[in-house]
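>>> Test case, fold it:
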Amino acid sequence: MSRALADLPEEDRARLAPAPAPTHAAPMKAVLTDRRFSDPSWIFERKLDGIRCVAIREGAKVRLLSRNDLPLDDRYPEIAEALAALHCEQFAIDGEIVAFEGSRTSFSLLAQRKQREVAVFLYVFDILWVDGFDVRRLPLRSRKRVLRDTIDFEDPVRLTPYRNEDGEELFEEACRKGWEGLIAKRAASTYTERRSRDWLKFKCEQGQELVIGGYTEPQGSRRRFGALLLGYYEDGELRYAGRVGTGFDEATLESLGRRLERLGRPDSPFADTGSIDVKRPHWVDPELVAQIGFTEWTRHGRLRHPRFLGLRDDKSATEVIRER
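Alright, predicted model coming up:
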């Protein structure tokens, strides 16, 4: 047993269970809320706008997995190399891969990684397994302690800072600085492989993943497509959420346009096609997931002022629901 675990209080050590390294990513997920509060039994972290990553190391082998188990090692080799150089050789940690635009994390910039050089960082906020022991049954504050004692944090691997109080004050600061928001976590909570109200999302602005179900004809000098037709799943059906025509550069129009053409289909994938007021739409198989920023939902369930931020391949289309 490592010193990080041996130094835990006896009641925490009793919760430890010997276990092999995880074979897949099963990250705990937060629930969106409009509550804002301060509570000493909760901790508050900055919400990061990137790609969720569970990093697993067994000896010399390091695996980076997205939240839907896609391998990320080849995409972010500098992070895999940094983890492989750490003193501890057996761990599984949970975090977010991000890119910075000034002081703000930017998913849009992260999505440009394939087109140009973009510096990335892994912000770690939890630990699931270390030195042959499953630590997910430990309370969050104890897991934070084990995390700090296990991982040597040097760029590009960073510890996610957090506060033990003043959640409302920190939320106001986050919004003032243009950050995405906060994650509030119950300090005594264990780590579970599902969405849980022990973790809550405070968002400064609206934004979520949506499924691409079609596109419109380009206008003027625009190439490939005009706007994307977006939706989310509800009761197993794809519901229309609106269209987005801003946020694309020329390279994205070209690459995304080619992918959309390959996914073309003759009929609409939306259950409520009659409500889509678009001339000559092109329908596609609903496989691609886009990250969309917007100001609000209208009372008719449409996006107001949407903008395209990038594609996500770390979430399956059928998982996309409307966050309420």
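>>> So which elements touch the least confident helix or strand in the chain by mean pLDDT?
Sorted by mean pLDDT, DSSP states H and E, the helices and strands of the chain end with strand 296-297, the least confident at a mean of 88. Contact partners of strand 296-297 among helices and strands, from 3 or more CB pairs under 8 Å, 6 or more residues apart in numbering; DSSP states H and E: strand 303-304. For the C-beta atoms, the positions are set from N, CA and C on the backbone; glycine is no exception.
>>> The strand it packs on: partners in the sheet, and parallel or antiparallel?
strand 296-297 (antiparallel) (DSSP bridges).
>>> so how far is the partner strand from its chain's centroid?
In terms of CA atoms, centre = their mean, to the nearest Å, the centre of strand 296-297 is set 20 Å apart from its chain centre.
>>> now stretch 131-144
Per CA atoms, centre = their mean, the displacement of stretch 131-144 from the mean C-alpha position of its chain is 22 Å.
>>> Which residues belonging to that stretch are considered buried?
Neighbour-count burial for stretch 131-144, counted by 16 or more other CB atoms under 10 Å, picks out Asp131, Phe133, Asp134, Val135, Arg136, Leu138, Pro139, Leu140, Ser142, Arg143, Lys144.
>>> What separation do you get for the second one and Ala84?
Meaning Phe133. Per CB to CB, to the nearest Å, Phe133 is found 21 Å from Ala84.
>>> per-residue confidence at the residue at the greatest distance from the centre of the chain?
Distance from the C-alpha centroid of the chain peaks at Gly220, with 35.3 Å (CA atoms, centre = their mean). Looking at Gly220, its pLDDT reads 84.
>>> Need the three-state assignment for it.
Local secondary structure at Gly220 is given as coil here, using DSSP: H, G, I helix; E, B strand; the rest coil.
>>> With Ala227 as the reference, measure out to it.
Distance of Gly220 to Ala227, computed by CB to CB: 13 Å.
>>> same check, this time on Arg141
Shown here: Arg141 relative to Ala227, a distance of 47 Å by CB to CB.
>>> coming back round to it: in helices only, show me the buried residues of stretch 131-144.
Leu140, Ser142, Arg143, Lys144 (DSSP state H).
>>> sorry, back to before: check what contacts the least confident helix or strand of the chain and list those residues.
Gln206, Leu303, Arg304, Arg322 (CB atoms under 8 Å, 6 or more residues apart in numbering).
>>> ditto for stretch 163-180
Applying CB under 8 Å, 6+ apart, the contact partners of stretch 163-180 are 36-40, 42-49, 103-105, 181-182, 184, 187, 202-205, 207.
>>> how about stretch 290-308: buried residues?
By neighbour count on 16+ other CB under 10 Å, the buried set for stretch 290-308 is Ala290, Gln291, Ile292, Gly293, Phe294, Trp297, Arg302, Leu303, Pro306, Arg307, Phe308.
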